[in-house]
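Asks: Quick one: sequence and predicted model below, then my questions.
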Amino acid sequence: MSDHGADNHDLIRVQGARQNNLKDVSVEIPKRRLSVFTGVSGSGKSSLVFGTIAAESRRLIDETYSTFIQGFMPSLPRPEVDAMEGLTTAILVDQERLGANPRSTLGTVTDGYAMLRQLFSRLGTPHIGGPTAFSFNIPTTKVGGVSVTEAGKKNVIKQETYLGGMCPACDGRGVASDLDLAAIVDESKSLNEGAILVPGYKPDGWMVKGFSETGLLDGDKPIRDYTETERHDFLYKEKGKVKALGMNMTYQGLIPKLRESIFSKDPEQLQPHIKAFVERAAVFAPCPTCEGTRLNESARSSKIRGIDIAEVCAMQITDLAEWLRGIDEPGVAPLIGSLLHLCDSMTEIGLGYLSFDRPSGTLSGGEAQRTKMVRHLGSALTDVTYVFDEPTVGLHPHDIQRMNKLLLDLRDKGNTVLVVEHKPETIAIADRIVDLGPGAGSDGGTICFEGTYEELAVADTLTGRHLGHRASVKETVREPKGYLEIRGATSHNLRNVDVDVPLGVLTVVTGVAGSGKSSLIHGSIPPGTEVEFVDQSAIKGSRRSNPATYTGLLEPIRKAFAKANGVKPALFSANSEGACPTCKGNGMIYTELGFMETVASPCEDCGGKRFQPLVLEYRLGGLNIAEVLDLSVAKALAFFSEGESKVLPAAKILERMSDVGLGYLKLGQPLNTLSGGERQRIKLAMHLGEKGGTYVLDEPTTGLHLADVDNLLALLDRLVDAGKSVIVIEHHQAVMAHADWIIDLGPGAGHDGGLVVFEGTPAELVAKKSTLTGEHLAAYVGA
């Protein structure tokens, strides 16, 4: 072994990291090894791995570009750290959902569709044109006319056609919206009895009189007794003038009128009760012209071995690979090779059950993360630092072993792999573990343990004590109060599934990734059922929004401040009269330096507090509004629960946030800095106060430490005891063991799944061990 100077750099050194809640952390991480970072939510794992190591690596790389190019890139402030050594290029693989643009599919995201278009433009018969002729994002355009140059020279263009593949009826989206008449009109009633079910159309109001007093319709006759003509006039008549109510007025049938006034608007902009009506009445069905393929007639006419491009995209990826292997054309061999590599990588990573036509917005966080991983699997790069954020999210215990193999493969190619993870199965394969804590927020930010898995298992840290923790199967289960009937479900890969989901209990829907859990719960619940979905999608909000504004907590706090000081509430909002005039209540000044990076610096006048100095003189219980917004949820709960600062409405909201395990969040922390799991729990906290109802939670254990899972289970119990029905889509064995009823889908993924393989109590599942889930659950509870 040569002792060459270049071989001595085997460590990434971090000294004095103070990013977010880190307290002067110094750590040495071995290169070309797999290091796992553990600790409770909010302990500072992400601040160390993403906010310090990965952020500094990326910033240094960005600085190597010219100032001109840097002007087009997002600017990154230097992390708060004294010194860093031994950094290598960092590649982040996070759980941000892939863009939910309705035009984006798995095929377009992975470039698989671009390669298929190329293939069909070469081999498809009849030959119809280049790759754009198969693109559902490009319309066919016809051009003709005269072009004139600057010198005045005319150029006559005869009728030219530029081929695109977009279906003209649905603009390449594959779905057309239709209206459900039953949700708009009650046929058994007359107009004067309230037949129109649209918000704002009251029987004695002028909106309804515009129909009943026109002379065209009888206001006392039930709608179902209308003649063909009356029915057409009521529902579909074109705009025209009629004499009614003593004047000339414009008359238009109900359906076109609603399309113009309500259905043409963005649902997010409507008032809540109108938005709810739109969701009930608008039915999205596959476009009848292109049958949901997004492609026009000509793109579907060209075929290879009897199959068109839409049928190829609808194949499961494992089947697509088989089909590709059957094409023997030396001219396109490199193209087929690239496509096969993509399909095999997707299968290896456990996504072989997807198809290229799957809209990218419908992929779960875990699926999105694994789709991004595909790019790095066959990469020739080595000596790179890969940073993963909970790669086992959305994975059944059966699939976790596969993911572990991928992480180890990346390491064995000579890369440094850093993983933020909570699952013991993945912590176990680490070469080195760094445990942060001991608590969350200001109680965390220090390193509690560094070492191997064996050492951690006997260490006296919160993670160490919970590694061997096992939940036991419930002895007694609750009795259902009714059933939600799902009949003949065929969405995605479901095979005509009939299932009764019990209400009034805790139901867990489980199964390997791709077995059809989301399709069953999200896609097959009968329309009209009142169900709240609490998922991990981003919360709409700017850098001005924070947990206090989003949950409505700021309202009672502002009123209490105003009452105690005899001034108006608007002064205590950083988005209103109390805002610091220099930074307009942002707390930061954003300086755009043209072609150089935008610099964010704390406002000098308010010191980042966001309020005018005058406002900060008003106090409640000894604290001013900026100090209150700097409190964590747990401290704020104590503050607003007793003494002169007692504000019961605020304490109620804070108690719910504390119940969902967000006690460490600061009230004024910008919303865009929250993780997926934190966003989901904030939404859950807002629903906790409501009465009754059915809730669907999508993997609520995401981002939860082993110790926090028990708190989540207690919370789910409280929801059920308060009369709510809770349906959880989950892979975590502790949640399965705690359920009253389990619905297990499988047996495999994609077209090998889509069946209900077990329905019953956790105890029956463990006793039978008849499914993959049953085997893993039995092993977990030590049965």
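Replies: Structure's in. What do you need?

Asks: okay, now the closest residue to L340 other than its chain neighbours: neighbour count?
Replies: Residue nearest to L340 in three dimensions, not counting chain neighbours: L324, with 5.5 Å by C-beta to C-beta, 6 or more residues apart in numbering. (C-beta placed from N, C-alpha, C; glycine too.) Neighbour count of L324, defined by other C-beta atoms under 10 Å: 19.

Asks: Now for L324: which residues touch it?
Replies: 336, 339-340, 343 (C-beta atoms under 8 Å, 6 or more residues apart in numbering).

Asks: Got a ChimeraX select line for the buried ones in these?
Replies: The buried residues among the contacts of L324 can be selected in ChimeraX (16 or more other C-beta atoms under 10 Å) with this line:
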select :336,339,343
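
Asks: what about the chain, any weak spots by pLDDT?
Replies: Along the chain, the model assigns pLDDT under 70 to residues 1-2, 99-100, 266-269, 538, 540-542, 592-599, 676, 692, 783.

Asks: most centrally placed residue in it?
Replies: With distances taken as C-alpha atoms, centre = their mean, S537 lies nearest the centre of the chain, 3.1 Å away.

Asks: ok, it to G365 distance?
Replies: S537 sits at a distance of 9 Å from G365 (criterion: C-beta to C-beta, to the nearest Å).

Asks: Give me the common contacts of the two.
Replies: If you check S537 and G365 against C-beta under 8 Å, 6+ apart, the residues they both contact are R97.

Asks: what about the residue nearest to the residue nearest to the centre of the chain when sequence neighbours are not counted, distance to L407?
Replies: With C-beta to C-beta, 6+ apart as the criterion, S537 has its nearest non-adjacent residue at 6.7 Å, and that residue is R97. The gap separating R97 from L407 is 22 Å, by C-beta to C-beta.

Asks: And the two? Which one has more around it.
Replies: Each of R97 and L407 has its neighbours counted (other C-beta under 10 Å); L407 has more, 23 against 19.

Asks: what about that one, is that helix, strand or coil?
Replies: Assigned by DSSP: H, G, I helix; E, B strand; the rest coil, the conformation of L407 is helix.

Asks: that older thread, take the contacts of L324 and keep only those in helices.
Replies: Within those, residues falling in helices by DSSP state H are 336, 339-340, 343.

Asks: OK, contacts around L777?
Replies: With C-beta under 8 Å, 6+ apart, L777 has these contacts: 733, 736-737, 762, 765-766.

Asks: ok but it is inside a helix, no?
Replies: Yes - L777: assigned to a helix according to three-state DSSP.

Asks: And the strands in the stretch 251-400 of the chain, which stretches?
Replies: 282-286, 303-304, 307-308, 385-389 (DSSP state E, counting those that start in this stretch).

Asks: now, of these, which is deepest in the fold?
Replies: Of all the strands of the stretch 251-400 of the chain, strand 385-389 carries the top mean neighbour count, a mean of 24, counting by mean count of other C-beta atoms under 10 Å.

Asks: what lines up beside that one in the sheet?
Replies: strand 90-93 (parallel), strand 416-420 (parallel) (DSSP bridges).

Asks: Check which residues of the last one are buried.
Replies: In other words, strand 416-420. 416-420.

Asks: again, but for stretch 240-248
Replies: 242, 244.

Asks: For the closest residue in space to D605 that isn't next to it in sequence, give its distance to K609.
Replies: Distance criterion C-beta to C-beta, 6+ apart; nearest residue to D605, sequence neighbours excluded, is T582 at 4.2 Å. Using C-beta to C-beta, we find T582 at a distance of 11 Å from K609.

Asks: roughly how far out does stretch 513-532 sit from the chain middle?
Replies: Its chain's C-alpha centre and that of stretch 513-532 lie 16 Å apart, by C-alpha atoms, centre = their mean, to the nearest Å.

Asks: Name the residues of that stretch that are buried.
Replies: 513-522, 524-525.

Asks: Alpha carbons of it, in CSV - could you do that?
Replies: The C-alpha trace of stretch 513-532 is given here as CSV (Å, rounded to 0.1, in the frame of the first residue of the first chain):
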residue,chain,number,x,y,z
ALA,A,513,-45.7,-1.3,-3.1
GLY,A,514,-47.8,-1.3,-6.3
SER,A,515,-50.4,-3.8,-5.0
GLY,A,516,-53.2,-1.3,-5.5
LYS,A,517,-53.7,0.2,-2.0
SER,A,518,-53.9,3.9,-3.2
SER,A,519,-56.0,2.9,-6.2
LEU,A,520,-58.5,1.2,-3.9
ILE,A,521,-58.8,4.0,-1.4
HIS,A,522,-58.2,7.1,-3.5
GLY,A,523,-59.7,5.9,-6.7
SER,A,524,-62.6,3.7,-5.8
ILE,A,525,-64.5,5.3,-2.9
PRO,A,526,-68.0,5.8,-4.2
PRO,A,527,-68.7,9.4,-5.3
GLY,A,528,-70.7,11.4,-2.7
THR,A,529,-69.0,9.7,0.3
GLU,A,530,-67.7,12.4,2.6
VAL,A,531,-64.1,11.6,3.1
GLU,A,532,-61.2,13.8,4.2
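
Asks: Could you single out the nearest of the buried residues of stretch 513-532 to A299?
Replies: S519 (27.2 Å; C-beta to C-beta).

Asks: my guess is that closest one meets R495, correct?
Replies: No - applying C-beta atoms under 8 Å, one finds S519 not in contact with R495, separated by 10.8 Å.

Asks: got any residues that touch both of the two?
Replies: Common neighbours of S519 and R495 (C-beta under 8 Å, 6+ apart) are G754.

Asks: ok so, going back, tell me the SS of the residue nearest to S537?
Replies: R97 is classified as coil under three-state DSSP.

Asks: Verify the stated contact: H422 with G677.
Replies: No - applying C-beta under 8 Å, one finds H422 not in contact with G677, separated by 9.8 Å.

Asks: intersection of neighbour lists for the two?
Replies: Taking C-beta under 8 Å, 6+ apart as the criterion, H422 and G677 both touch 703-704.

Asks: Tell me which of those two has more neighbours.
Replies: More crowded of H422 and G677, by other C-beta under 10 Å: H422, with 28 against 24.

Asks: what's near enough to touch that one?
Replies: Counted by C-beta under 8 Å, 6+ apart, H422 has contacts 38, 390, 703-706.

Asks: Quick one: the helices in the stretch 301-450 of the chain, in order.
Replies: For the stretch 301-450 of the chain, the helices defined by DSSP state H, counting those that start in this stretch occupy 309-314, 317-325, 333-348, 365-377, 397-412, 424-427.

Asks: could you dump those to JSON lines with distance to M207?
Replies: Below are those laid out as JSON lines (distance: least, C-beta to C-beta, whole Å):
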{"stretch": "helix 309-314", "distance to M207": "44"}
{"stretch": "helix 317-325", "distance to M207": "52"}
{"stretch": "helix 333-348", "distance to M207": "53"}
{"stretch": "helix 365-377", "distance to M207": "44"}
{"stretch": "helix 397-412", "distance to M207": "54"}
{"stretch": "helix 424-427", "distance to M207": "59"}
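
Asks: Quick check: which of these is nearest to Y251?
Replies: helix 309-314 (42.8 Å).

Asks: So which other helices or strands are in contact with that closest one?
Replies: helix 112-123, helix 297-301 (3 or more C-beta pairs under 8 Å, 6 or more residues apart in numbering; DSSP states H and E).

Asks: Please work out how many residues are found near S66.
Replies: 8.

Asks: if I look at it, how far off is R58?
Replies: Distance, S66 to R58, using C-beta to C-beta: 17 Å.

Asks: cool, K517 as well?
Replies: From K517 to R58 the distance is 35 Å (C-beta to C-beta).
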